[in-house]
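# I would like the atomic coordinates for the input below:
(2 chains)
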Protein chains: 2
Amino acid sequence: MKIEYRCSRCGYTIEATSWLWQCPKCGGPLDLVIEGLKFTLSEYRGLWRFSSVIPAKPLVSLGEGFTPLVKADFLGKGSYLKLEYLNPTGSFKDRGSAVAISKALEFGAKAVVEDSSGNAGISVAAYAATASIKARIYVPKDAPEGKKTLIRSLGAELIETSSRTEASRVAIKSVGPNEVYIGHAWNPWFLQGTKTLAYELLNQIGHVPNAVILPVSAGTLLLGLWIGFNELLGFGLINKVPRLYAVQTQGFADLYGRIHGEYSKEPTKFADALRVSNPPRLGQMVNAVTGSGGDALVIEDDELLQAWKTLLKRGYIVEPSSAIALSGYMKLLSNNYIGSDDEVVIILTGSGLKYIDIMSKV
Amino acid sequence: MKIEYRCSRCGYTIEATSWLWQCPKCGGPLDLVIEGLKFTLSEYRGLWRFSSVIPAKPLVSLGEGFTPLVKADFLGKGSYLKLEYLNPTGSFKDRGSAVAISKALEFGAKAVVEDSSGNAGISVAAYAATASIKARIYVPKDAPEGKKTLIRSLGAELIETSSRTEASRVAIKSVGPNEVYIGHAWNPWFLQGTKTLAYELLNQIGHVPNAVILPVSAGTLLLGLWIGFNELLGFGLINKVPRLYAVQTQGFADLYGRIHGEYSKEPTKFADALRVSNPPRLGQMVNAVTGSGGDALVIEDDELLQAWKTLLKRGYIVEPSSAIALSGYMKLLSNNYIGSDDEVVIILTGSGLKYIDIMSKV
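Okay, here's the model as predicted:
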């Protein structure tokens, strides 16, 4: 398997023999070009069953992947909920962390550095812990207290900064020798983890659905799905990529803005996991949504709260940010973007068990 | 499939055509006697893959079962961690709830009643929610606030009582027409759910381990394993039942007491999920432990806290009560009850995401 980094902006290409998260020429986000990819199911468990298409040794696992897919009979006939919140640290981020931290180990890293508003920080902290390497996580001061506590309890060093953007700036600047910057919004290895969700949906359903609806901020899951489904298309295992519907939150809707024009609103109070501005891979995100025949939409906080309560009262313990995927489904259905006969997967991305403290207040 | 209730105390037997949780003759706990049980894997997902041996229609599911089994290389060579805390509501109780609530539906129940110190209440509330029937949950006042909040958010009616014993008494008394008392510590259908863990370990490992170590209070998981492994023995699919090691907490060690003599200590401050006195199936629990060649042991709070921190710092986000299984493993290893070459499964029963509020305080 020959693996190269290729810059998504300037096209600069270099063999992937050491850790890079950004193009050394122009500063753009890097893609991975993998030659000789072949697909077979391996004997490993969970995400690593797709080991044949993951360009990293399976060095770290906390049991990520193969999360439950359940029929959601209370919605349309063909609708499924994909319970990504049942990953080991309570979010889909674990797919990315398992692969990125495995690769960091392969490249000899002794410590990892990450910036996050919560879930990615928890995930990276946990996978660094199980890999017995250090983690230093930069978070904005206003990240949920519970998520900060959890990052510390997992043994990581937690550093608070004035804002999400500042967390990113300081994290990158801090990276020392034998340390690597994970930067999940940039990291091309991280996407090799999230792409397994496409393989998994095919494996669990037996074919691909007509549409996939998911919450989107930095696009790590959206781009993972786009990469994965396109690989499956290349293998001839599917004959179309499902329409990808990216659901965003008020105040952080850059993807929607790029497609439909600016959507300005005061920042969300509840979808804290989705508070990302200027995602570095925005151009690729637009391409994934439009290229799949899908769309971007925005859900406001009042609709989010309603959807959150609906999911809880059906037994699905998700975080508020995840609930916008259900709101998105409702909106797409009422606008006839999807039909009630469409086979649709709604991705529930993060665990509500991290949000018990606010449940009694809404 | 012919199904009968048989009283574990007086032997009274009656066909299982309606809901019973207690012997109508002597008040003892009921077992299920199932004729013509045959084992094949079904096409369903999760726990219901074992549908052929579950005496209930698969009417309710939130994606329970087939939780990750991970090699724990930081312990002995042959040790596995079974991540039951990644079940839909964050505990192994979901296995029992899925089957018990399915059976309650089959018998026409419009509401379920439960008493619980937390996890079972959350689980029953969630499964009742997904089944669109009502749930009324009785909990002691001093149950963790977060667990109470969650039960309410899942749409259940929560009633607080002065103590755990009082919760049980009032719950049973309250049961009206078309309502059923779940009573997980009594319920024979609940054990038909927890028994699937035995089948699942065989499925995931390919054979059975030498020993299984688990936290024990009312014995629902212990007895489920005992039933499941004995069924597998009956089918000739295994040739021995693994040694079952039941780990208890200080102040609530009735099983240990019955085997080794009283263990008196002030009640645990941290293992709130295990605070059960006088479990109704105590005799059966003794039989499961001694019959399998295992043992019961007690872990005190200081050891519990140490094990909890160890697990968190390895990336396993479990609740304090679960950590005693790791302490138990350490103790059994140092006493040579298990060897470092023994293949051992340590069951991590509940999610730490429900306990973020106390992580920063210990």
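
# neighbours of residue A:18, just the number please.
Residues lying near residue A:18 (other CB atoms under 10 Å in any protein chain shown) number 10. C-beta coordinates here come from the backbone N, C-alpha and C atoms, glycine included.

# the closest residue to it other than its chain neighbours and chain B, how far apart?
Among residues not flanking residue A:18 along the chain, residue A:107 sits closest, at 5.8 Å (CB to CB, 6 or more residues apart in numbering or on different chains). Noted for residue A:107: a distance of 20 Å to chain B, by CB to the nearest CB, to the nearest Å.

# OK, contacts around residue A:107?
By CB atoms under 8 Å, 6 or more residues apart in numbering or on different chains, residue A:107 lies in contact with A:18, A:19, A:180.

# out of these, who's nearest chain B?
residue A:180 (18.1 Å; CB to the nearest CB).

# can you name the residue of the stretch 201-350 of chain A nearest chain B?
For the stretch 201-350 of chain A, CB to the nearest CB, closest residue to chain B: residue A:315, 3.7 Å.

# which residues touch the residue most central in space within chain A?
By CA atoms, centre = their mean, the mean C-alpha position of chain A lies nearest to residue A:221, the distance being 3.3 Å. Residue A:221 makes contacts with A:92, A:194, A:197, A:214, A:347, A:349, as judged by CB under 8 Å, 6+ apart.

# confirm it sits in a helix?
Yes. According to DSSP: H, G, I helix; E, B strand; the rest coil, residue A:221 belongs to a helix.

# just the pLDDT for it.
With respect to pLDDT, residue A:221 scores 98.

# can you tell me how far it sits from residue A:325?
11 Å (CB to CB, to the nearest Å).

# overlap in contacts of the two?
A:214, A:347, A:349.

# how about the residue nearest to the first one when sequence neighbours are not counted, secondary structure?
The shortest distance from residue A:214 to any non-neighbouring residue, by CB to CB, 6+ apart, is to residue A:347 (4.1 Å). For residue A:347, the assignment made with three-state DSSP gives strand.

# with residue A:73 instead?
Residue A:73 ends up coil, using three-state DSSP.

# got a pLDDT number for it?
83.

# okay, now it: neighbour count?
Neighbours of residue A:73 (other CB under 10 Å): 10.

# what's the spacing between it and residue A:206?
Residue A:73 is 19 Å from residue A:206, by CB to CB.

# and for residue A:296?
In terms of CB to CB, residue A:296 sits 29 Å off from residue A:206.

# tell me which of those two has more neighbours.
Using other CB under 10 Å, the more surrounded residue of residue A:296 and residue A:206 is residue A:296, with 25 against 7.

# so what are the sheet partners of the helix or strand where that one lies and their directions?
Using DSSP states H and E, the element containing residue A:296 is strand A:295-299. Under the criterion DSSP bridges, strand A:295-299 sits next to strand A:243-249 (parallel) in its sheet.

# export the partner strand as CSV, just CAs?
Taking C-alpha atoms only, strand A:243-249 is exported to CSV below (Å, rounded to 0.1, in the frame of the first residue of the first chain):
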residue,chain,number,x,y,z
ARG,A,243,-27.5,11.9,-0.7
LEU,A,244,-25.7,13.5,2.2
TYR,A,245,-27.7,16.1,4.2
ALA,A,246,-25.5,18.3,6.4
VAL,A,247,-27.5,19.8,9.3
GLN,A,248,-25.9,22.9,11.0
THR,A,249,-26.7,25.0,14.0
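
# buried set for it?
Under the neighbour-count criterion of 16 or more other CB atoms under 10 Å in any protein chain shown, strand A:243-249 has A:243, A:244, A:245, A:246, A:247, A:248, A:249 buried.
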